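# Let me see the structure of the following:
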Amino acid sequence: MWITELQSRFLKHPEYLHITINGVHPGFVASGIWDILKNDNGIAERILNFLLRFVAITSQQGSFAITNAATNPVFGPDPKTQGVGQAVGRGGGKYINRIWEAVPKAHCDDPEARSKVWRKLDEELHLEEKGLLTVLGL
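Alright, predicted model coming up:
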């Protein structure tokens with residue numbers, strides 16, 4: 001939701017039209033983040049090891065998803081609305097699951113719901129007080 005809202009706010013300001021932002025889910029990556037759970041020598045560790053061995057992808061494979069999203073012209077700016085980019089660019093605010101664009105949850109298309117997330121972030125992080133909402137606002 002936040003990505004979709006941020007992209008829509010960029011599109012409202014000519015000085016930010018060139019920016020394209022997407023969200024990428026690389027999948028279940030065996031990156032080492034799970035190592036903290038490997039010290040109990042119990043059933044949880046055995047399940048985790050099984051999942052990491054047979055379900056997870058490597059960090060390198062996970063990085064391919066991010067690299068693809070950053071370099072694939074399809075996920076780049078839409079020249080019709082952003083004034084830059086290649087003809088195949090579809091603009092930002094997309095959800096990319098591994099290497100494919102996926103259908104986001106319905107609430108991502110709800111401007112009011114996205115605005116609530118934006119306001120909650122400001123509440124928690126005090127963005128307006130820090131001057132970080134001067135242009136993109138609440």
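
# CA atoms for contacts and neighbours, from now on please.
OK.

# tell me the pLDDT at the residue nearest the centre of the chain?
Relative to the mean C-alpha position of the chain, the nearest C-alpha, by Cα atoms, centre = their mean, is the one of Gly23, at 1.9 Å. For Gly23, the pLDDT comes out at 95.

# for the nearest residue to it once chain neighbours are set aside, what are its contacts?
Among residues not flanking Gly23 along the chain, Tyr95 sits closest, at 4.9 Å (Cα to Cα, 6 or more residues apart in numbering). By Cα atoms under 8 Å, 6 or more residues apart in numbering, Tyr95 lies in contact with Asn22, Gly23, Val24, His25, Glu101, Ala102, Val103, Pro104.

# Would you mind checking those for buried ones?
Neighbour counting by 16 or more other Cα atoms under 10 Å classes Asn22, Gly23, Val24, His25, Glu101 among the contacts of Tyr95 as buried.

# For the first one, list the residues it contacts.
By Cα under 8 Å, 6+ apart, the residues touching Asn22 are Ile3, Thr4, Ala69, Phe75, Gly92, Gly93, Lys94, Tyr95, Ile96.

# Next: the last one.
Applying Cα under 8 Å, 6+ apart to Glu101 gives the contacts Lys94, Tyr95.

# Tell me if I'm right that the residue nearest to the centre of the chain and Trp100 touch.
No: the pair Gly23 and Trp100 does not pass the contact test of Cα atoms under 8 Å, sitting 11.4 Å apart.

# Can you find the helix or strand of this protein with the lowest average pLDDT?
Sorted by mean pLDDT, DSSP states H and E, the helices and strands of the chain end with helix 43-54, the least confident at a mean of 81.
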